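S.K.: This is a predicted model, with the sequence first.
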Amino acid sequence: DSCAVRWMIIAAFVVGFLAHGRLNYRRHANVFWMSALWLEGFAMVPQIWMMAHNGETDAYTGHWVGCSFISRLVAAAFWMSVYEEFDYKVSWNYPGYSVCLAYVLQVLLGCDFMWHYAKMMMSRVHSSMSAGVKQRMS
């Protein structure tokens with residue numbers, strides 16, 4: 001396992017601490033929420049890393065990553081339209097931009113996989129994928 005998950009977790013908490021908003025008067029809750037958002041962004045990285053190095057994936061895993069990508073895409077569209085809600089009175093709206101950046105990262109991480117996933121689904125390979133057979137992701 002060569003995917004450095006430890007550094008992703010540390011980075012998520014550092015960004016959560018530095019870029020949290022003021023959604024309420026509980027600083028720790030805001031830090032945890034922002035950290036969790038960034039952890040969600042990093043959550044697919046080990047799976048995508050494994051698929052990139054092995055070149056294949058189980059059907060269930062492929063469908064999970066595909067559905068997760070679509071979920072992140074919809075959430076990104078939502079947050080990009082309402083990020084002003086984080087209007088930070090002291091300076092520029094860095095909590096709002098941090099949320100948008102987290103979702104952009106999540107979408108970008110899934111784009112390459114989705115390209116291969118869509119090609120696989122269009123080529124009717126999914127009929128054998130439903131049985132859980134490993135498929136080549138190239």
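M.R.: Noted; the coordinates are in hand.

S.K.: for the protein, what helix or strand is lowest in average pLDDT?
M.R.: helix 126-129 (a mean of 47; mean pLDDT, DSSP states H and E).

S.K.: Against residue 26, how distant is residue 42?
M.R.: For residue 42, the distance to residue 26 (C-beta to C-beta, to the nearest Å) stands at 24 Å. All C-beta atoms are positioned from the backbone trio N, CA, C, and that covers glycine.

S.K.: Actually, residue 47.
M.R.: Look at residue 47 and residue 26: by C-beta to C-beta, they are 33 Å apart.

S.K.: in the helix or strand where residue 50 lies, what counts as buried?
M.R.: Counting by DSSP states H and E, the element that carries residue 50 is helix 45-54. Neighbour-count burial for helix 45-54 flags 45, 47, 48, 50, 51 (criterion: 16 or more other C-beta atoms under 10 Å).

S.K.: Can you tell me which of the residues you listed is nearest residue 69?
M.R.: Nearest to residue 69 among these: residue 48, at 9.9 Å, using C-beta to C-beta.

S.K.: Contact partners for that closest one?
M.R.: Applying C-beta atoms under 8 Å, 6 or more residues apart in numbering, we find residue 48 in contact with 65, 109, 110, 112, 113.
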